[in-house]
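Asker: predicted model and sequence follow; I will ask about them next.
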Amino acid sequence: MVRMTRLSTFGKLLGCGLLLASGTVLSRPASEIPQQARPSEELLTLPGELGNRGGRLVVSLRAEPKTLNPLTAADAPSREVILGAMQADLIHINRATQLTEPALAKSWKVSANGLQYTLTLRKGVRFSDGQPFDADDVLFTFRVYLDENVHATQRDQLIVGGKPIAVRKVDAQTVVFQLAKTYGAGERLFDGLAILPRHLLEKVFAEGKLAQTWMLATPANQWAGLGPFRLKEYVPGQKLVLERNPYYWKQDTKGNPLPYLDELIFLFVPNADAQVLRFQSGETDLISRLSAENFSVLSRQQHGYAMSDAGPGLEYNFLFFNLNEPGEKISPDLAPKMKWFRELKFRQAISAAIDRDAIVRLVYQGRGAALWGPVTPGNHRWGNPAVPHPARSLEKARALLRESGFAWTTATDGEPALVDSDAKPVEFSILTSSTNADRTKMATLIQDDLKQIGIRVQVVPLEFRSLIDRVTQTREYEACVLGLVSFDADPTPELNVWLSSGGTHLWNPSQSHPATAWEAEIDSLMRQQLAAPSYEQRKKAFDRVQQILAEIQPMIFLASPDILVGAKNSIGNFHPSVLEPYVLWNVEQLYFRNTSENVRR
Amino acid sequence: MIQRRGWKRWLLALAVLHGIVAFAGFFAPYDPTEQDRERPYLPPMKIHLVDAQGHFHLRPFFYAEHLRGGSFDQFEETTDHAIPLRFFVSGARYRLLGLLPSRMHLFGAQASRIYLLGSDAYGRDQFSRILYGGQISLSAGLLGAGLTLFFGTLIGATAGYYGGWRDGLLMRVAELFVALPWLYLLFALRAFLPLAVSPLQAFFLIITVIGAVGWARPARLVRGVVLSAKERDFVRAARGFGATDGYLLRRHILPETSSVILTQAAILVPQFVLAEMTLSFLGLGVPEPMPSWGSLLTNLQQYSVLVSSWWMYAPALAIVPFFLVYLGLASALQQDAGTGKIEKTTDGT
C-alpha cells in the first residue's frame, strides 16, 4: 500500500553484495550524434543558470549497484543510479521545493471525488535508444509493476484502498488512473515510478524473466531509459559509466538540450573515509552523505572545492523500548524490564533526562537539529509547531520516576541507583548498529545521561542485520537506537511506521489489532490523512499524530543530521537538497564552468 | 653477578610503571568516564610559566579553553584568567587499589578542568583514561599470563613426567592449539557469549579466553625441561630412595623449570596485553564507558580522528615503555638463566 520507509543503514548493508555478473564492456556505436532541439517535441524547459556543454562528472557510490532494473532495485546505490540519472517518472517531486511538478506527464487532472487521475503525456519524447515513448509504454509499465509474478518493489505502493490502481489508455497521449479509494498524497504517488521501454522488455516479460533482466552487465544496446543519462560501460568492481542521453526531453531557457554533461561516472568506493580521500585528492567531483567529522576535515582545507551544509534532512534518530506483548517465551530477565518500559511516566522520564543538545553538539558537531517528533526541520510542510520542545530536566525526570513508584538507593560504589517498586535495580541495554558510529555515540551519551538519574545502561553495538532480526523477529531486546529516512516529505510513505499493523512499527511491529488505545487512534488518524481530500485536513490529522507521539513517547526522538555535501568550485548549478538524491537530483543541469580543466582529464 | 643486578633493575622499572597504573586514581585528575560536553576533542592544554602579559609565575598555570565562536571543533585559550595548577587536590571520588576510598589526586585545578593529553569525542580526559585503561589492559595481561602459565606448567609437567600415551595425547592437543588461528577463535568464542555483558564480566571473559588459548606454547617448553630433568642423576637417586612422584616434581623437577617459566612470563604478559588490545580495538573487549588501551585506540579507525586529533594516538605510545621493559626483563632473565646453567655445569664437573 505504501512506499517503504528505509531504515537508513539498510541500503549500505544491502549494497555490500557480491558482483552479480562479470562485466562485458560494450559501448554504443558513435554514429548517434546528439541532435538539436526538435520542434515536434514538447520539451520541458528548466529555469536556472545556463551552462556549458561537455565534461565528465565523477562521483563515488558506497557500493556497487546490484542491478539496473527498477523493478528489483531495493538497495540504495541501485536506486540512486536508476532514479537519479537513468530513468524518469510521470510526475516528479522537485527536491528543492518538495512540491510536485510535471515530468513525462506535462499536465494532469484529478476528478472531483479524487479517484481519477488523467495524465497528459509529453509529445515526441523518445527513449535513449531513439524509440518513441507513448501511452502504451505507461500501460506496459504499470502492468509489470502490478503483476504478482514479477514481485516488483513498487507493487505495494500501487495498491490503494486494497485494490490495485486501474490504468486505462484514452489515446496515445492520455492515460487515466482509477483509484479505489482517495490517496492523500495524491499525484506524489507517481514520483520515482520509472517508465519502462515496452519495445525492449515486452518479450522478456512474456517469458517471465523480467526480474532477472537488466543486470549491470547488460549490453548498452539492450538497455533504454528516459533519464538524462544512458548506459555506456560497466567495469566490475570499479565503475559504472553513463553517457548523455541525446533524446532527453528537457532543455534550458535558451533552448539548449540537457543534460550539459557528456558523461557521468560512478566509482565504487565502499568506505566513507576512502570517499573523503578521493574527493580531497580531486578524483571525484561531488561528495554527499558526509559525517560531521569528515565534513569539518574537508572544510579545513578547501582546495578548489567548497563544502556546504544543506540543513537538516529527513533522517530522524530515536530511542525506543521493547513494547511488545510479553509472550510465554520471553526470558525471565526481560519480563520485569518490559513492565517498566510500558510505564508511560518511565518513558517520559527517560525523554526528559536525555540531553538532545549535547547529541547535536557531540555527534553532529552542531550540524544537526534536536528532535521532539518525527518531522525534522528539513520538512517544510508537515511539522506541528504545537509539539512542545521541553529542555532537558533531571528534576522532572526524577519527579516522574518517583510518581510511578521508583525510588533511589545507594549502590555498592556509593552512587545513587534507581530501583523499582520490587527493589530491583533499573538496568537495561541499548542496541545500536555497529556500522553506524553516530548512533553508537548517541547511545553512549544517553548512557551517561541516565547514569545521572541512577539508571545503568549498557550499549551493545550489533551487526545491523541481527539487530533488525532481534527487533522485528525474535523481539529479544530491551531498547534500541535507530534512524529512519523517508524518500518524501509527505507522511504517507511512513504509513508502515505509524500503523500498528506496519512492519516498521518498530516498538511492536505487525500487530493484528492495535494493542493500545493510542495506537488505535494513530491508526485511524493515519487512515484519515490518507483519505482526506485537502492538505489542511491531512495536516490536521498528522498534527494530532505528532502530538500523541510526543505525549506517549513510543519513540524518544533524538536528533536529525544536516545533509553535508561538497562540490568542486567549477561545478555550476550545484544546489544540494535535503531529499535524496541530495546532490544529483538536478544532474541534468550540472555543468563545469571551466571546461578546459576537463579537456585535460 | 652483574647480570643478576641487571634483571633487578628491569624489575624495578616495571614496578614503577605498574605502580603508576595501579594507583591511577591518584595520578589521574578525573574519573575516566566523566564527560565534559563543552569540550569534545580538545587538544592537550599547554602548561605555562609566563602569562599573556609577560609576567613570570613560579607556580605553573594553564588557561581554560572554549570553542571558538561558530565552530564546533576549534578551541582557543581564555587568556585573561590564569588558572594555577595545584597539587594534592581533592577531586573525584575513587577507590585506591579498589579498596581505600579517597578523593586525593596528584594534581588538578579549581574552576576548570585540566587536560594534559586532551579529551576524546565525549570530552573525557584522555590522560585519566589512559591510566585507568592501563589497569584493565595490564591486569588482563598479567592474569592471562598467570592462567596460561599455570595450565601450561600443569599440562607440560604431566606430559613430560609421565610420558607414554598421556604425553602423546596432550602434545597433540597442544599442537592443535598452536596451529589454530587464535584471533578467529577468540571471535568465535566471543560470539557465543551473551550480548550485553557488564564490564566486569567482559573482563573475566577476555582473560579466560586468552588463558584458554595460550597454554600450549608454555606447556611444550615445560615438557621439554621436565623430560631432561627427570633423567638427571639426582632425580634418579631420589627416586631410588623411594621418593613419590609428587615429591620429585615439587622438589627436583619443577624448580628446574622456573627460569623457563619466568622468561615465558615476561614474554607472555606484553603479548596478552596486545591480545586484549586487539579484542577491545575490534569492539569485543570491555564495553563503554570503561576504557582499555585497545578501546581507546578504536577512535583511530576514523579518518577524521587520524588527521585532526593527534593526541588520540597517545594510548598507542603508552604501551611502548611497558613493552620495552618487559622485553628487557625477558632477555635479562634469559641471560641470567644461561649463566646460571653454565655455573651449575662447571660446578658439576
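Answerer: Received the coordinates, thanks.

Asker: where does residue A:114 sit: helix, strand or coil?
Answerer: The three-state assignment at residue A:114 reads coil, by DSSP: H, G, I helix; E, B strand; the rest coil.

Asker: these two touch, right, it and residue A:182?
Answerer: Yes. Residue A:114 is within contact range of residue A:182, at 4.0 Å (criterion: C-beta atoms under 8 Å). In short, each C-beta sits where N, CA and C put it, glycine included.

Asker: okay, and the common contacts of the two?
Answerer: Any residue near both residue A:114 and residue A:182 by C-beta atoms under 8 Å, 6 or more residues apart in numbering or on different chains counts here, and that gives residue A:533.

Asker: closest residue of the stretch 1-150 of chain B to chain A?
Answerer: residue B:72 (3.9 Å; C-beta to the nearest C-beta).

Asker: tell me the phi and psi of that residue?
Answerer: Main-chain torsions, residue B:72, degrees, to the nearest 10: phi -120, psi 0.

Asker: that one: neighbouring residues, count only.
Answerer: By the criterion of other C-beta atoms under 10 Å in any protein chain shown, residue B:72 has 18 neighbours.

Asker: and it, what pLDDT?
Answerer: Here, the pLDDT recorded for residue B:72 equals 73.

Asker: got the contact list for it?
Answerer: Here residue B:72 is in contact with A:292, A:296, A:361, A:365-367 (C-beta under 8 Å, 6+ apart).

Asker: which of those are close to chain B?
Answerer: Contacts with chain B within these, counted by C-beta under 8 Å from any C-beta of the partner chain: A:292, A:296, A:361, A:365-367.

Asker: can you add pLDDT and give those back as a markdown table?
Answerer: Below are those laid out as a markdown table (pLDDT from 0 to 100):
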| residue | pLDDT |
| --- | --- |
| A:292 | 89 |
| A:296 | 88 |
| A:361 | 90 |
| A:365 | 88 |
| A:366 | 89 |
| A:367 | 91 |
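
Asker: so of the residues you listed, which ones are in strands?
Answerer: If you go by DSSP state E, the ones next to chain B among the contacts of residue B:72 have nothing in strands.

Asker: columns neighbour count and distance to residue A:74 on top of the contacts of residue B:72, output as JSON lines?
Answerer: Listed next are the contacts of residue B:72 as JSON lines, based on neighbours: other C-beta atoms under 10 Å in any protein chain shown; distance: C-beta to C-beta, whole Å:
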{"residue": "A:292", "neighbour count": "24", "distance to residue A:74": "28"}
{"residue": "A:296", "neighbour count": "22", "distance to residue A:74": "33"}
{"residue": "A:361", "neighbour count": "23", "distance to residue A:74": "35"}
{"residue": "A:365", "neighbour count": "22", "distance to residue A:74": "32"}
{"residue": "A:366", "neighbour count": "19", "distance to residue A:74": "34"}
{"residue": "A:367", "neighbour count": "21", "distance to residue A:74": "29"}
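
Asker: which pair in these spans the largest distance?
Answerer: A:296 and A:361 (12.8 Å; C-beta to C-beta).

Asker: and stretch A:303-321, does that touch chain B?
Answerer: No. Figure legend: stretch A:303-321 not in contact with chain B (C-beta under 8 Å from any C-beta); closest approach 11.6 Å.

Asker: buried ones in that stretch, by neighbour count?
Answerer: A:305, A:307-321 (16 or more other C-beta atoms under 10 Å in any protein chain shown).

Asker: do stretch A:393-401 as well
Answerer: So for stretch A:393-401, counting by 16+ other C-beta under 10 Å, buried means A:396-398, A:400-401.

Asker: wait, does it contact chain B?
Answerer: No. Using C-beta under 8 Å from any C-beta, stretch A:393-401 never reaches chain B; the gap is at least 14.1 Å.

Asker: next one: phi and psi at residue A:527?
Answerer: phi -70, psi -40.

Asker: distance check, it against chain B.
Answerer: Applying C-beta to the nearest C-beta, to the nearest Å, the value for residue A:527 to chain B is 38 Å.

Asker: what about residue A:68, which SS state?
Answerer: Applying three-state DSSP: residue A:68 is coil.

Asker: for it, which residues are in contact?
Answerer: A:78, A:81-82, A:86, A:214-216, A:218, A:223, A:231.

Asker: mind checking which of the residues you listed are buried?
Answerer: A:78, A:81-82, A:86, A:214-216, A:218, A:223, A:231.

Asker: which of those sits closest to residue B:289?
Answerer: For the buried ones among the contacts of residue A:68, the minimum distance to residue B:289 (C-beta to C-beta) is 39.2 Å, reached by residue A:78.

Asker: over to that closest one: give its phi and psi.
Answerer: The phi/psi pair for residue A:78 (degrees, to the nearest 10) is phi -60, psi -40.

Asker: wait, it sits on residue A:67?
Answerer: Yes. In this structure, residue A:78 is within contact of residue A:67 by C-beta under 8 Å, at 5.4 Å.

Asker: show me the residue sitting in the middle of chain A in space.
Answerer: Nearest to the geometric centre of chain A sits residue A:487, at 3.6 Å (C-alpha atoms, centre = their mean).

Asker: isn't there a strand covering that residue?
Answerer: No. Read with three-state DSSP, residue A:487 is coil and lies in no strand.

Asker: from chain B, how far out is it?
Answerer: 28 Å.

Asker: assign a three-state SS to residue A:141, would you?
Answerer: helix.

Asker: so what's it up against?
Answerer: Counted by C-beta under 8 Å, 6+ apart, residue A:141 has contacts A:193-196, A:198.

Asker: nearest to chain B among those residues?
Answerer: For those, the nearest to chain B is residue A:194 (35.4 Å; C-beta to the nearest C-beta).

Asker: give me the pLDDT value at the closest residue to the closest one other than its chain neighbours.
Answerer: Spatial nearest neighbour of residue A:194, chain neighbours left out: residue A:87 (3.5 Å); criterion: C-beta to C-beta, 6 or more residues apart in numbering or on different chains. Reading off the confidence values, residue A:87 has pLDDT 90.

Asker: could you do residue A:489 as well?
Answerer: At residue A:489, pLDDT is 83.

Asker: number of nearby residues for it?
Answerer: For residue A:489, the neighbour count with other C-beta under 10 Å is 23.

Asker: pretty sure it contacts residue A:379?
Answerer: Yes. Between residue A:489 and residue A:379 there is a contact under C-beta under 8 Å: 4.6 Å.

Asker: which neighbours do the two share?
Answerer: A:98, A:314.

Asker: for the stretch 151-300 of chain A, give me the ranges with low pLDDT.
Answerer: For the stretch 151-300 of chain A, no stretch has pLDDT under 70.

Asker: let me redo that: chain A
Answerer: Residues of chain A that meet the cut-off, pLDDT under 70, sit at A:1-40, A:413, A:595-601.

Asker: what lines up beside the lengthiest strand in it in the sheet?
Answerer: The residue-count maximum for a strand in chain A (DSSP E) belongs to strand A:555-568. Using DSSP bridges, the strands paired with strand A:555-568 are strand A:286-287 (antiparallel), strand A:305-312 (antiparallel), strand A:316-321 (antiparallel), strand A:368-370 (antiparallel).
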